[in-house]
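# Coordinates only, no sequence provided:
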């Protein structure tokens, strides 16, 4: 079985997309663009190694976007795409794969069909493989004085990634043509006289560049997914103490909540809501109170695990709504901090998080101040 690596180039600044972040770290349907590209290759059982090349100063963004993904440490990129690919290829030397697939991080909707088609051609002996799409539109040349003559489109195609090569061969080509301006790696293969084979590309495998591209990609993902909703509920009693943990925020109070972990009812209810949307059991199955290792544990660990389960199936958390039910403490002053805490744990924009508080007008155990309750609803988008 040949060893196959994926090299994902993610070194650009990507400012045309807006949003204040390089485009590869912006979220697309709740998941960073780079993470979607990484997960596409991780989902292919023939890929044994994923190596990412990142831009200078992007370490923090990379760590956040790839949290929990079992991939190699990133490699710093160079001044040009070609420099970055060369550094990535050099970083794979200790693995010495048989083949390497080189992919632009900004193509997050690459399909398994394209990945597997490129691999199949490599295994059949191709020296270079590129996904191509025919150009269907009429072409015109644009000059300084307006629209110029038409350009024949017969035989013209758009090149996509991943582009595949025997590893040692493409590495030697990169070393041979250092400094040679090339828009992609197949261009270098052509200069080296390598035999290039085409596979069918896909319209969905476009490069996300502008804000309009993000909107289009969101619509594509929505059409290939289903939306699910889950509900969660949790209760804890008050005991002697001086604070409570609610939705990841430490709130001063004249009592605390009793529980095996930190008794954060808000995060417990939200964790169960996400697990419910996945039809994946409940919090007690993953973090049983009978296990000593969870004594006093921060409940964010439970919520992080539920979020990871969503990511592992290619899903995204779309919206969370938590309602705290208690007479005390008064939660209005802490509401935005609680929203921010949940947003940070889940890696979502705060606009997707709602936290509310209500009382039972003095009725029941919450009305008597014996404890508090939390209920939560989570909406997730997942592959259909």
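Yep, it's here. Note that the structure is predicted; figures quoted are calculated from it, not measured.

# List the contacts of the closest residue to residue 259 other than its chain neighbours.
Spatial nearest neighbour of residue 259, excluding adjacent residues (Cβ to Cβ, 6 or more residues apart in numbering): residue 236 at 5.2 Å. In this view, the C-beta of every residue, glycine as well, is placed from N, C-alpha and C. By Cβ atoms under 8 Å, 6 or more residues apart in numbering, the residues touching residue 236 are 257, 258, 259, 263, 265, 371, 372.

# what kind of secondary structure is residue 236 in?
strand (DSSP: H, G, I helix; E, B strand; the rest coil).

# quick one: it from residue 366, how far?
11 Å (Cβ to Cβ, to the nearest Å).

# any common contacting residues for these two?
With Cβ under 8 Å, 6+ apart as the test, residue 236 and residue 366 both reach residue 372.

# ok, back up a step: just the buried residues from the contacts of residue 236, in ChimeraX please.
Restricted to buried positions by 16 or more other Cβ atoms under 10 Å, the ChimeraX selection for those reads:
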select :257,259,263,265,371,372
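
# Output the contacts of residue 236 as CSV; include the columns distance to residue 11.
Converted to CSV, the contacts of residue 236 look like this (distance: Cβ to Cβ, whole Å):
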residue, distance to residue 11
257, 47
258, 51
259, 46
263, 45
265, 44
371, 52
372, 49
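
# Restricted to helices, list the contacts of residue 236.
Using DSSP state H, residue 265 are the members of those that sit in helices.

# possible to save the contacts of residue 236 as a markdown table with distance to residue 340 and pLDDT?
Below are the contacts of residue 236 laid out as a markdown table (distance: Cβ to Cβ, whole Å; pLDDT from 0 to 100):
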| residue | distance to residue 340 | pLDDT |
| --- | --- | --- |
| 257 | 21 | 97 |
| 258 | 26 | 96 |
| 259 | 23 | 95 |
| 263 | 21 | 97 |
| 265 | 18 | 98 |
| 371 | 25 | 97 |
| 372 | 21 | 98 |
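
# From the contacts of residue 236, pick the one nearest residue 208.
residue 265 (39.4 Å; Cβ to Cβ).

# show me the contacts for that closest one.
Taking Cβ under 8 Å, 6+ apart as the test, what residue 265 contacts is 234, 235, 236, 246, 257, 324, 372, 373, 374.

# What of residue 365?
Per Cβ under 8 Å, 6+ apart, neighbours of residue 365: 237, 371.

# Could you tell me whether it really is in a strand?
No: counting by three-state DSSP, residue 365 falls outside a strand, being helix.

# quick one: it from residue 253, how far?
Counting by Cβ to Cβ - residue 365 and residue 253 are separated by 17 Å.

# got it, and residue 374?
15 Å.
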